[in-house]
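Q: Okay, predicted coordinates and the sequence, questions at the end:
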Amino acid sequence: MSPYVLALLLFTLGLGTTLAFVSSHWLLAWVGLEINTLAIIPLMVRNHHPRAVEAAIKYFLIQAGGAAVLLFAGVTNAWLTGQWGIQQATSPLFVGIMTIALALKLGLAPLHSWMPEVFQGLDLNTGLVLATWQKLAPLALLFQIQPANSPLLIFLGLVSTLIGGWGGLNQTQLRKILAYSSIAQLGWVVLVVQFSPPLATLAVLVYIIAAAATFIILKLVKSTNINMLAISWAKSPALVAMAPLVFLSLAGLPPLTGFMPKWLIIEELSKQGLVPAATLAVLAALLSLYYYLRLTYAMTFTMFPNNFSGVPPWRLRPQQLTLPLACLVTGTISVLPLSPVAIALVAF
């Protein structure tokens, strides 16, 4: 792909997300989401692979369906209240339809079945954009329309954490595992969004940092399934030593950074009297922990049975830019002591 075309697509991607962020009108927010969707489709098919084309078509159809439901909800709200403003979302019917439309766009369970298949057909760079940047605009709208004490959001959050953990148990393809991980992490965000939006924002930021580190690590070691992780030690020993900490941070184990949002979310749910929901979310996190441990075991405790001939890959000079990865890994594994500062900054 031409660098100029790539720059134009990335600019359009940012424009669509920004438009959805700053919109106070449902029609403008819908336009921003559509610009965002149309900008990423060419990025998905730039490899000209049949699986990539299939993934792009699936993604387009799902996002088009979600946009149609979202536009229907906006028209319904205008018909009932005479208002197009996002802050005038007072009708329970509108809020329910809009929440379902945004859940479809985000890939929340039980509307998640498209997400692992789409991830499987993409390269890791595009998968990273889909797992992080593409979630921001729908989440921003969900933050604005969230009603008080909505059982629908609690249901979506709990089902997402359960299916996100359960679905990744028998997977061997890393991109599908990352898709189910994204579903589970978004479930934690949705659980707390109506009670503490700053805490939900903190959870999103921590997930973006950890997911970016994970995708870049897998790209550097050129692994697409669990068996290929066994030869990672020969490519980058230092990276293989740090990767398990990144995986376990995604799982939410202390004293890593990923433990911070889960700990605070459980505390907030307990304050709201939702102890059963908090308990179920913790049990679902154990399911996710299992496949993160599988990745850790495959990467650090197994060795490829064949001998490598010639110069080991780690003796060659790296061609990739490693400074961003170093910053992301540091943020993923060592920010837990700065939890009060992070909470204060997000709340501000």
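A: Received the coordinates, thanks. Numbers count the residues shown, from 1 in each chain.

Q: Can you tell me the SS state at residue 255?
A: For residue 255, the assignment made with DSSP: H, G, I helix; E, B strand; the rest coil gives coil.

Q: check contacts around it.
A: residue 336 (Cβ atoms under 8 Å, 6 or more residues apart in numbering). Yep, even glycine has a C-beta here, placed from its N, CA and C like the rest.

Q: buried stuff in the helix or strand hosting residue 239?
A: Assigned by DSSP states H and E, residue 239 falls within helix 237-251. Counting neighbours by 16 or more other Cβ atoms under 10 Å, one finds that the buried residues in helix 237-251 are 239-240, 242-251.

Q: Give me the residues contacting it.
A: Against helix 237-251 from outside (Cβ under 8 Å, 6+ apart): 181, 185, 207, 210-211, 213-214, 217, 220-221, 232-233, 256-259, 285, 288-289, 292-293, 295-296, 299-300, 314, 329, 332-333.

Q: average pLDDT across it?
A: Taken as a whole, helix 237-251 carries a mean pLDDT of 87.

Q: what are the C-alpha coordinates of it, in PDB please?
A: The C-alpha atoms that make up helix 237-251 are tabulated as PDB, following Å, rounded to 0.1, in the frame of the first residue of the first chain:
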ATOM      1  CA  PRO A 237      15.700 -14.200  24.600                       C
ATOM      2  CA  ALA A 238      15.100 -10.900  26.500                       C
ATOM      3  CA  LEU A 239      11.700 -10.500  24.900                       C
ATOM      4  CA  VAL A 240      10.700 -14.000  25.800                       C
ATOM      5  CA  ALA A 241      11.700 -13.300  29.400                       C
ATOM      6  CA  MET A 242       9.400 -10.300  29.600                       C
ATOM      7  CA  ALA A 243       6.500 -11.700  27.600                       C
ATOM      8  CA  PRO A 244       5.100 -13.900  30.400                       C
ATOM      9  CA  LEU A 245       4.800 -10.900  32.600                       C
ATOM     10  CA  VAL A 246       2.800  -9.100  29.900                       C
ATOM     11  CA  PHE A 247       0.500 -12.100  29.500                       C
ATOM     12  CA  LEU A 248       0.000 -12.400  33.300                       C
ATOM     13  CA  SER A 249      -0.700  -8.600  33.500                       C
ATOM     14  CA  LEU A 250      -3.500  -9.100  31.000                       C
ATOM     15  CA  ALA A 251      -4.800 -11.800  33.300                       C
END
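
Q: now the helix or strand that that helix is followed by: how far from the chain's centre is it?
A: Downstream of helix 237-251, the first helix or strand assigned by DSSP H and E is helix 259-271. Helix 259-271 sits 19 Å away from the centroid of its parent chain (Cα atoms, centre = their mean, to the nearest Å).
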